Structures are given as C-alpha cells and as structure tokens.
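[1] compute the structure for the input listed below.
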Amino acid sequence: VAELRHELLIIYRNIASLAPAEAQELVASALAAALREGAEVPFQEVEVALLLLYELGTAPGLTEESLHPATGAVGSLVATLLRATPALPAATHRRVAVMYMETMVRYVRVLQQVPEGLGTILTAFMGDRGMRHPEPAVSSRACYLFMRLVKSMRSTMGPYLEMVMGMLAPALPLLIDQPVTKRRDVGATDDQLYAFEAAGLLISAEELCSAEAQQQYLAALLQPMRTKIETALKRVAPGDLVGGVEETESIQRAVVALGYLSKGFTITLVNTSRPNLGALLQGALETALEALRYLPNNGAVRARISSFLHRMVECLGVRIFPLMHTALTLLLQSSQLSDLCSILVLLNQLICRFKGTVEGLLAETLETVLAAMDRALAARAPASSGSLSNTEEQRETDELKAAYHLMLNTIAGSALLRVLLLALSPERLQAVVAGLVTDASTHNLAQVRKLCVSTLRTAVGEWAADPSAEAKMPGFRAFVLQRMGVEVSVRSA
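    Modelled structure (predicted):
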C-alpha cells in the first residue's frame, strides 16, 4: 500500500506541474467533500484532501499572487481549511492531525496574511490534536512543527504570547520526565524538545516581551530543568562515576532542552540589553557542569554538556569565561582521544569568537590541555604500532591531530602566538614547534600539512627577531634555517 501511495503521489505531482488549474480544482473538490457539514466523514477522506493540498505547495511557479488568501487559487484553499479548523472532521486521528500541521507550516506565507486566524492554529498545534496528542509520534512531530511555525510567525504572536506560555510552561518539564521504557522511537521522542526552542524564540523577542516578563518566563522554564539535573545527581550512588540509565537519561534530556531553549538568546540581549537573562543562563550552565563533576566517566553526559558549552559560547559571550576554566578542568578528566578532540574544538571556537580577549584563559589552560593530549597519544602509541591504516584508533588520532593543528593555526591567525611563549614551558614549546615541523612534512592529510606550514610561517615571522623566543628556545634561528627549511620546504613538496 505504501509503495502504491508513493507512486500515486508522484503522478499527482506531475499532473500538478503540467496542469495546475485542474489540480487546484481537484483539491477544491476534495476539500469541499472532506469539510462538508452534518456528515460523518471518514478520516481517510480528510487526510487525502489535506495531502493533496499539501503537495500543491511543491508545484513549480507558485507565486505570491497564487498564495493570496482571498484571490489566490492556492491561498483561498488554505483559507478555506483555516476557517474549518475548529470543526475539522477526524481532527484527532493521528494521520489527519499530522497532515493538518504539516500543511499549515508549508503554507505559512498564507498564514502571515491572515494573522487573525493564528489563535485557532495555535490551539490546534498545542492541544489534543498536536502537542498533547496521546500518540508519541504525533506529539513529537507537533513539537517540531510548532517550532517552525513560531520561527515564521513570531513577529505576529504578541497577542497570543501569554496564552502560549501558559500552555507551554507546565507541559515542557513533562517532556524530560518521559521514562525510557515508554519510548517507541528515541529520535521521534527527542523531537519533543523542539518545544523548548519554540519557547526560547518567543520569550527572547524584545518586541514581544517586556524585560520583567522575559525574566519571569525564563526563570520559570529554567528552574524545572535545573531541578531535574540536581535530583538525578542525588540519586547517583556515591562513588558511581557513570550513573544509572534512568538518571543519566534524565540529565541528558535536561541539558539538551537547556540548549534548545537558549537558541533564541543572543550575546547582545543577554550581556547588554537585558543582562539579568544572562545571569539566569549562566546559572543553568553551572548546574549542567555539576553533572560533569559527578559523572566524569559517562561519555554520553559529557558529549551533551560539551555541546551545551558550544551553544553557551555563542549565547553568553564573555560571561562564560569565569566558568570555562572549571569546564575545561572537568572535561580533561577523560583521556579519550575523542573527548580531547572536543576540548580542542571548544578552544578553537573561543579563539575564533573572542580573539585577544581569550588570551588570559589560554594562558591558564593551554599547558594542561597539551600535556593531556601528549599523554593520551603516548598511551595510544604502543597499542597502535604496526598496521594503523583504516582503523578506528587511527581515525581518532588523525581527528585529534587535525583539531590540534587547526587550533594552533587559529592562535597564529588571531595574533596570539605570544601566549605560547609566555604560558608554555620551554620543553612544551619546543615540542610544539618540532611537532609542527614533523607534521608539515609527514602528516598523511594534505590539509593538515598546509595548516602546519601556515602556522610555522607566521611563527617564524613573529619569533625570528624576538629575543624571548631565542631565550626560551635556544638555537631557534638555526633550527629555522636548517631543519625547518629542509623538512618543510623540501620534503613536504
């Protein structure tokens, strides 16, 4: 049946492309039959009508004129469906419910022209036909589609903000509570967390929310997630550095939800316009880092918190600096190459985003990070001797080396090479330079070799005439002329 349905849709799309007027008449007829009053319409008939209307949106040549809700051929069909929304037949059936929401999101350009109908649509999305639907697949999809609707309609949602937040606030914490045993599809369940992104997009809009309301809404949304993390950590047995499945699942979902919620908040908003919001988000990050302190050996929790840190760099800006030293210290508890690679990627993001402002943080942490990387590579080397090609270990090693050289190149490009001179020990600095020379000529990836050459070129230009470089690396000039000239310029070619 599914294959036949797919083939029929292909035929319908081709007809709609070649004969749009006839296709539009067919949809109008199907809608009229599905929306007829005083009759019990089968859900199949309603779903097909909605599907035909939805597929019209893929037809080429769909113009703004055709989407006008009063005079456009397609727009008037959408307007008809919008007017029928409160009494849509079989509205709570899972196939009809999803198809209705998909159609509304596809034709959001029509909805933007009839903002007075937005309240009806929001009720459908957030009620028993959408996010509160008893079937997880429907409610999950509704959360994702609601987020897309909010993205497109945010500027017109001011009159409905109180209603939306009133329905969202009590529902959002329940999305984190869903037991693992009740999930039919992990991916589908995680779609529910898009509802947090929708909430963040709404309350971060200064044109929709006063400063006081923003603070109240954000605090009300953050506190349940922080409480869930704290409660889950209290249930972890003393000395258990991994945690149980239920506790760690709850922590992961809370951290991911925090990341989604923060997506609407910009550096300017949380640092300049309304700094109280930044303080609330900073507190949420502190709670997330506690999970890393209690569960240093749980890779899944570590990965979630690492992703959240990346998001907070873009959201909090320099406010994240007081927490970064703690975060890096906790992340460095793992000696896995993949975890060390994520730390280097995080440092690279900080350097790219903040340039010279990050100099102090680099000076405090770089020696420790590079020492951890050297230890991990040294521990890996004996087990990896022999044939290393096409192995998982070699892939991880290559990824770590690539992230390392990208970070060094970013440091050089951001005029921060002086940090290496000031913060690294003479032995570490010499090892860095020697590693750059070796990888510039022997690394198996051309992209990495180019990064090494570029970094070395910048370093030589800055350090060749710097007495402090010669003091920390005696013989640096001779090294540049002898080994670097031969190995980099000749062998790498």
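[2] quick one: the residue lying closest to Ser262 once chain neighbours are set aside from Tyr260, how far?
    Leaving aside its sequence neighbours, Ser262 sits nearest to Cys315 (CB to CB, 6 or more residues apart in numbering; 4.9 Å). (C-beta placed from N, C-alpha, C; glycine too.) Cys315 sits 12 Å away from Tyr260, taking CB to CB, to the nearest Å as the criterion.
[3] so these two - more neighbours on which side?
    Cys315 (27 against 21; other CB atoms under 10 Å).
[4] element containing that one, please.
    Secondary structure from DSSP states H and E places Cys315 in helix 299-316.
[5] for Met153, give its distance to His133.
    From Met153 over to His133 (counting by CB to CB), the distance is 21 Å.
[6] pLDDT below threshold where in the stretch 301-450 of the chain?
    381-390 (pLDDT under 70).
[7] need the helices for it, in chain order.
    In the stretch 301-450 of the chain, the segments counted as helices under DSSP state H, counting those that start in this stretch are 321-331, 337-354, 359-383, 392-413, 417-423, 426-442, 446-463.
[8] want to try a markdown table for those, with mean neighbour count as columns?
    Shown next, in a markdown table, are these (neighbours: other CB atoms under 10 Å):
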| stretch | mean neighbour count |
| --- | --- |
| helix 321-331 | 17 |
| helix 337-354 | 20 |
| helix 359-383 | 16 |
| helix 392-413 | 19 |
| helix 417-423 | 19 |
| helix 426-442 | 18 |
| helix 446-463 | 18 |
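[9] leaving out sequence neighbours, find the closest residue to Pro69.
    Of all residues not flanking Pro69 in the chain, Ala79 sits nearest, at 4.1 Å (CB to CB, 6+ apart).
[10] then the host helix or strand of the one you found to PDB, C-alphas only?
    Under the assignment given by DSSP H and E, the secondary-structure element containing Ala79 is helix 73-84. Once non-C-alpha atoms are left out, helix 73-84 reads as follows in PDB (Å, rounded to 0.1, in the frame of the first residue of the first chain):
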ATOM      1  CA  ALA A  73      -6.000  29.900  -6.300                       C
ATOM      2  CA  VAL A  74      -4.000  28.100  -3.700                       C
ATOM      3  CA  GLY A  75      -4.200  30.700  -0.900                       C
ATOM      4  CA  SER A  76      -8.000  30.600  -1.000                       C
ATOM      5  CA  LEU A  77      -7.900  26.800  -0.500                       C
ATOM      6  CA  VAL A  78      -5.700  27.300   2.600                       C
ATOM      7  CA  ALA A  79      -8.000  30.000   3.900                       C
ATOM      8  CA  THR A  80     -10.900  27.500   3.500                       C
ATOM      9  CA  LEU A  81      -9.000  25.000   5.600                       C
ATOM     10  CA  LEU A  82      -8.200  27.600   8.200                       C
ATOM     11  CA  ARG A  83     -11.900  28.600   8.600                       C
ATOM     12  CA  ALA A  84     -12.800  24.900   9.000                       C
END
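[11] related to what we said a few turns ago, and the helices of the stretch 301-450 of the chain as TSV, adding distance to Ala124?
    Shown next, in TSV, are the helices of the stretch 301-450 of the chain (distance: least, CB to CB, whole Å):
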stretch	distance to Ala124
helix 321-331	41
helix 337-354	40
helix 359-383	48
helix 392-413	46
helix 417-423	56
helix 426-442	58
helix 446-463	50
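[12] how about the ones you listed, which one is nearest Leu145?
    Between Leu145 and the helices of the stretch 301-450 of the chain, the shortest separation by CB to CB is 30.7 Å, and it involves helix 337-354.
[13] quick one, that closest one and helix 299-316 angle?
    Taking axes from the mean of the first three to the mean of the last three CA atoms, to 10 degrees, helix 337-354 and helix 299-316 form an angle of 0 degrees between their directions.
[14] give the buried residues for stretch 62-71.
    Residues of stretch 62-71 classed as buried under the neighbour-count rule (16 or more other CB atoms under 10 Å) are Leu62, Ser66, Leu67, His68, Pro69.
[15] and it, C-alpha only, in PDB?
    Backbone C-alpha positions of stretch 62-71 (Å, rounded to 0.1, in the frame of the first residue of the first chain) are rendered in PDB as follows:
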ATOM      1  CA  LEU A  62       3.900  29.000  -7.100                       C
ATOM      2  CA  THR A  63       3.700  32.800  -6.900                       C
ATOM      3  CA  GLU A  64       2.800  35.200  -4.200                       C
ATOM      4  CA  GLU A  65      -0.400  36.100  -6.100                       C
ATOM      5  CA  SER A  66      -1.500  32.500  -6.100                       C
ATOM      6  CA  LEU A  67      -1.000  32.400  -2.300                       C
ATOM      7  CA  HIS A  68      -3.100  35.400  -1.500                       C
ATOM      8  CA  PRO A  69      -5.800  34.100   0.900                       C
ATOM      9  CA  ALA A  70      -8.700  36.000  -0.800                       C
ATOM     10  CA  THR A  71      -7.800  36.000  -4.500                       C
END
